[in-house]
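Asker: After the sequence you'll find the predicted model.
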Amino acid sequence: MKRNMASNKKGDSTIIAVVLLTVIVVGLGALLFTFFRGQVMGTLEKTGQQSEQIMCSSDLSLTAIADSTTGKKAICSGTDCTVTLEAGPTTDVNGLMITAIGLNVTTTTSTAKISKATTIRITENVGTTNVTNLKIIPKMTKAGKETICPDAAVNIVAADIG
């Protein structure tokens, strides 16, 4: 009877060793999975942000053209401002965000679309008077995704507003 108990104990220690090794391996696997998953997700997020920046900066240019009679880039009367914009040769502009600084700070969204390599004249009610600064931020759509491109914004300062 004593011999049977001794041989059972040896069998138990082997089972315990296998269970402990299995728990250690599973724990290390879970730890490595969590670590690398965070690394991959962070890299994917950064890549998405960078591709959006590249899409805006490399494909888009927007320029305010001075009025031929006044020499000013924007003509503001009351709450209406008129600006002539020219899009670059490679990308269509699908909308504009216009921020006007005057007595109040106002942001409007224009649905004005500018085809590549064309010039348009837009008049927007900017919602404020005595405009001292206009910032026009283009929006573009590529691969079905709308992107706001602040790096391609046109800033018109008080000296260029008539």
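Answerer: In hand now; what should we look at?

Asker: Please make it C-alpha for all contacts and neighbour counts, starting now.
Answerer: OK.

Asker: Does the strand ranked longest in the chain pack against any helices or strands, and if so which?
Answerer: Secondary structure assigned by DSSP state E gives strand 133-142 as the longest strand of the chain. Contacts defined by 3 or more Cα pairs under 8 Å, 6 or more residues apart in numbering; DSSP states H and E place strand 133-142 against strand 95-101, strand 145-148, strand 154-157.

Asker: and the residue nearest to Val126 when sequence neighbours are not counted, how far is that from Val131?
Answerer: Spatial nearest neighbour of Val126, excluding adjacent residues (Cα to Cα, 6 or more residues apart in numbering): Thr79 at 5.5 Å. From Thr79 over to Val131 the distance is 8 Å, taken as Cα to Cα, to the nearest Å.

Asker: who's more crowded, these two?
Answerer: Val131 (26 against 15; other Cα atoms under 10 Å).

Asker: Which residue is the nearest non-sequential neighbour of that one?
Answerer: Spatial nearest neighbour of Val131, excluding adjacent residues (Cα to Cα, 6+ apart): Gly102 at 4.1 Å.

Asker: and what of Ser110?
Answerer: Excluding its sequence neighbours, the residue lying closest to Ser110 (Cα to Cα, 6+ apart) is Leu96, at 5.0 Å.

Asker: need the contact list for the residue nearest to Val131.
Answerer: Thr128, Thr129, Asn130, Val131, Thr132, Asn133 (Cα atoms under 8 Å, 6 or more residues apart in numbering).

Asker: Next, the contact list for the fourth one, please.
Answerer: Put plainly, it is Val131. Counting by Cα under 8 Å, 6+ apart, Val131 has contacts Cys76, Ala100, Ile101, Gly102, Leu103, Ala158, Ile161.
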